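[1] Sequence and predicted model, in that order:
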Amino acid sequence: MVKRLEFTHPSLKGKLEVPGDKSISHRAVMFGSVAEGETTISHFLEGEDCLSTIDCFRKLGVNIEQNGTDVKVFGKGFTGLSAPSEVLDVGNSGTSIRLLLGLLAGVPFDLTFTGDESIAKRPMKRVVAPLRQMGAQINGRDDGNLIPLTVKGSALTGIEYELPVASAQVKSAILLAGLQADGETTVIEKERTRDHTEKMIQSFGGHISVDGLRITVRGGQSFKGGHITVPGDISSAAFWLAAGAIVPGSEITIENVGLNPTRTGIIDVLREMGADMDVFVDEKAGLGEEVGTITIRYSKLRGTIIGGDIIPRLIDEIPIIALMATQAKGQTIIKNAEELKVKETNRIDAIATQLGRLGAMITPTDDGLIIEGEQSLHGGKVDSLTDHRIGMTLSIASLLSDGPVELENESAISVSYPSFFDDLERLIN
Ligand SMILES: O=C(O)C1=C[C@@H](OP(=O)(O)O)[C@@H](O)[C@H](O)C1
Ligand SMILES: C=C(OP(=O)(O)O)C(=O)O
């Protein structure tokens, strides 16, 4: 499908709430399923990725009622899951497969995972290798580096594991396996990554110890269901933060957005680039997750250098940050972001080629991008390459382009933000 995006001197104004956080929505369903008793979830992200997680647990015998953004999970406990008669299909979702491999490595039955064309290219050895060290029996293409993968549920033993990559998915997979392993499991992070799994273990009544970058869980724990209100996803809000900052005449307020410090790298970058922005931390969402309100107004930005330990705190926001940088005064350099190569697409290439089609001068490097500032964009034909974040970045770019933008594969956006174009229309003046 092709979407034609054509705007004449738009400005974006208004208040909105973005859909629920994708990382937290996945984890709420996972913990709700292996907890005892009922879990109710409100402001759940009804995006395709999180629906894939629900679908997998239904196939594992968990009764889940989903009514829009309200979800009720009738937990079965770790021991109540049943052998699926079908293959578990994670669709486009890296978070689903990597976390489920950990969560399910120790169940007493066999299962098979598959997914779409993009997930079939994404590396799985990063989770398969440590899980095998724990005793998991996982087999698949390319010695388990690529799906389809089969898991032959087996007894697990705790390990101490130093993460070779800064990845919350790998950390979470090991911790989730550790919950069913014999003894203790310790993960040592390279750099701090999003800590929603750690917070959720606690809010479901479990125990976890976090000592700097060293995180330990013990096996044999049980969890108790409860209520979870999912904060708005800062990774979705990022598109409006960028649009507000670079589209002349804009002023946007985003309410109830998650402000967990392991996710707020975009706010640090906006400040560094000189954005006109107010951030208020309002309340706790009941998960130990900070929530608040951000207001952003158009202003002239300046280029910056982004690298080091901020990268995991903004990894999914790099496509939209690259677009912001095309409008800033001076050059922007993004480095230490090689992980972008193994997302839904190779995002380093996708950003450079697709924004390049609209006239942006962006040089891909081995671990990031060099972006020239103060560029004017023109219309053209672009492609999301079936990557939701690339699709949304190109849609925001169309607000600045002189001439229509034709976006191919726009439907990918529903992976994380099904109401993206409705919200865009509401904000346009
Ligand atoms: O744990 C999570 O929910 C996620 C972790 C990140 O992936 P990596 O762990 O591969 O960096 C991120 O890119 C993804 O969108 C969601
Ligand atoms: C990388 C992403 O997600 P996942 O790894 O879950 O596919 C993303 O949402 O940008």
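    Happy to help now that I have it. Ligands and ions are numbered 1, 2, ... in the order given.

[2] Would you mark the buried spots in the helix or strand hosting Leu131?
    Using DSSP states H and E, Leu131 sits within helix 125-133. For helix 125-133, the neighbour count (16 or more other C-beta atoms under 10 Å) marks Arg126, Val127, Val128, Ala129, Pro130, Leu131 as buried. For every residue, glycine as well, the C-beta is placed using N, CA and C.

[3] what's the distance between that helix and the middle of its chain?
    21 Å (C-alpha atoms, centre = their mean, to the nearest Å).

[4] ok, and what's touching it?
    98, 101-102, 105, 136, 138, 140, 143-145, 149, 156, 159, 161, 164-165, 167, 169-170, 173-174, 177 (C-beta atoms under 8 Å, 6 or more residues apart in numbering).

[5] Could you pick out the buried ones from those residues?
    Using 16+ other C-beta under 10 Å, the buried ones in the contacts of helix 125-133 are 98, 101-102, 105, 136, 138, 140, 144, 149, 156, 159, 161, 165, 167, 169-170, 173-174, 177.

[6] Give me the subset of those that lies in helices.
    Applying DSSP state H to those, the entries found in helices are Arg98, Leu101, Gly102, Gly144, Gln169, Val170, Ala173, Ile174, Ala177.

[7] Skip the chain neighbours and tell me the closest residue to the first one.
    What sits nearest to Arg98 in space, not counting adjacent residues and going by C-beta to C-beta, 6 or more residues apart in numbering, is Gln169, at 4.0 Å.

[8] and what of Gly330?
    Closest to Gly330 by C-beta to C-beta, 6+ apart is Gly303, at 3.5 Å.

[9] Please name the residues that touch the one you found.
    Gly303 sits in contact with Met273, Ala325, Ala328, Lys329, Gly330, Gln331, Thr332, Ile371, Gly373, where contact means C-beta under 8 Å, 6+ apart.

[10] By neighbour count, which of those wins?
    In terms of neighbours by other C-beta atoms under 10 Å, the contacts of Gly303 top out with Ala325 at 32 neighbours.

[11] Do I have it right that that residue meets Gly373?
    Yes - between Ala325 and Gly373 there is a contact under C-beta atoms under 8 Å: 6.5 Å.

[12] Touching both of the two, which residues are there?
    If you check Ala325 and Gly373 against C-beta under 8 Å, 6+ apart, the residues they both contact are Gly303, Thr332.

[13] In contact with the closest residue to Leu60 other than its chain neighbours, which residues are there?
    Using C-beta to C-beta, 6+ apart and skipping residues adjacent in sequence, the residue nearest Leu60 is Leu81, 4.6 Å away. Contact analysis of Leu81 by C-beta under 8 Å, 6+ apart lists Ser33, Val34, Leu60, Gly61, Val62, Leu104, Val107.

[14] Per-residue pLDDT of Leu81, please?
    Leu81 carries a pLDDT value of 97.

[15] Just give me the neighbour total for the residue of the chain found nearest ligand 2.
    Going by C-beta to the nearest ligand atom, ligand 2 is nearest to Gly94 of the chain, at 2.7 Å. Neighbour count for Gly94, taken as other C-beta under 10 Å: 20.

[16] Quick check: residues of the chain near ligand 1?
    Selection of the chain residues close to ligand 1 by C-beta under 6 Å from any ligand atom yields Ser23, Gly94, Thr95, Ser167, Ala168, Gln169, Ser172, Arg194, Ile315, Asp316, Glu339.

[17] Put the buried members of the residues you listed into a ChimeraX selection.
    Listed next is the ChimeraX selection for buried residues among those, using 16+ other C-beta under 10 Å:
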select :23,94,95,167,168,169,172,194,315,316,339
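
[18] residues contacting Thr363?
    Thr363 neighbours (C-beta under 8 Å, 6+ apart): Ala352, Leu369, Ile370, Ile371.

[19] Show the backbone phi and psi for the last one.
    When you say that, I think you mean Ile371. Per-residue torsions, Ile371: phi -120, psi 120 (degrees, to the nearest 10).

[20] Also the first one?
    Note on Ala352: backbone dihedrals following degrees, to the nearest 10 are phi -60, psi -40.

[21] That one: what's it in contact with?
    Ile362, Thr363, Pro364, Leu369.

[22] Tell me who's in contact with the third one.
    Yep, that's Pro364 we're talking about. Neighbours of Pro364 in contact, by C-beta under 8 Å, 6+ apart: Ile348, Asp349, Ile351, Ala352.

[23] nearest residue to Ser52 other than its sequence neighbours?
    Counting by C-beta to C-beta, 6+ apart, the residue nearest Ser52 is Gly91, at 4.1 Å.

[24] can you give me the mean pLDDT across stretch 360-379?
    98.

[25] end to end, how far does it reach?
    Terminal residues of stretch 360-379 lie 11 Å apart, using C-alpha to C-alpha, to the nearest Å.

[26] Now do the buried residues in that stretch.
    For stretch 360-379, by 16+ other C-beta under 10 Å, it's 360, 362, 364, 367-373, 375, 377, 379.

[27] which two in the residues you listed are spaced the farthest apart?
    Asp367 and Gly379 (31.0 Å; C-beta to C-beta).

[28] who's Val151 bridged to?
    Under DSSP bridges, the beta-bridge partners of Val151 are Leu111, Ile138.

[29] residues in contact with it?
    Leu101, Leu104, Ala105, Val107, Asp110, Leu111, Thr112, Phe113, Ala136, Gln137, Ile138.

[30] Closest one of these to Ser42?
    Out of these, the member with the shortest distance to Ser42 (by C-beta to C-beta) is Leu104, at 26.3 Å.

[31] With adjacent residues omitted, what lies nearest to that closest one?
    Val151 (6.0 Å).

[32] what about that neighbour, distance to Ile138?
    Going from Val151 to Ile138 by C-beta to C-beta, to the nearest Å gives 5 Å.

[33] Ile159 reaches Ala136, doesn't it?
    No - the pair Ile159 / Ala136 is not scored as a contact, 10.8 Å apart, by C-beta under 8 Å.

[34] picking up where we left off before, which pLDDT value goes with the residue nearest to Gly330?
    98.

[35] ok, now how distant is it from Glu374?
    9 Å.

[36] need the residues of the stretch 301-429 of the chain near ligand 2, please.
    Checking the stretch 301-429 of the chain against ligand 2 by C-beta under 6 Å from any ligand atom, the hits are Asp316, Lys343, Glu344, Arg389, Ser416.

[37] By mean pLDDT, flag the weakest helix or strand of the chain.
    strand 276-284 (a mean of 88; mean pLDDT, DSSP states H and E).

[38] That strand: partners in the sheet, and parallel or antiparallel?
    In the sheet, strand 276-284 lines up with strand 290-297 (antiparallel) (DSSP bridges).

[39] And the following helix or strand past the strand it pairs with, what does it pack against?
    Downstream of strand 290-297, the next assigned helix or strand under DSSP H and E is strand 305-306. On a contact count with 3 or more C-beta pairs under 8 Å, 6 or more residues apart in numbering; DSSP states H and E, strand 305-306 meets strand 332-334.
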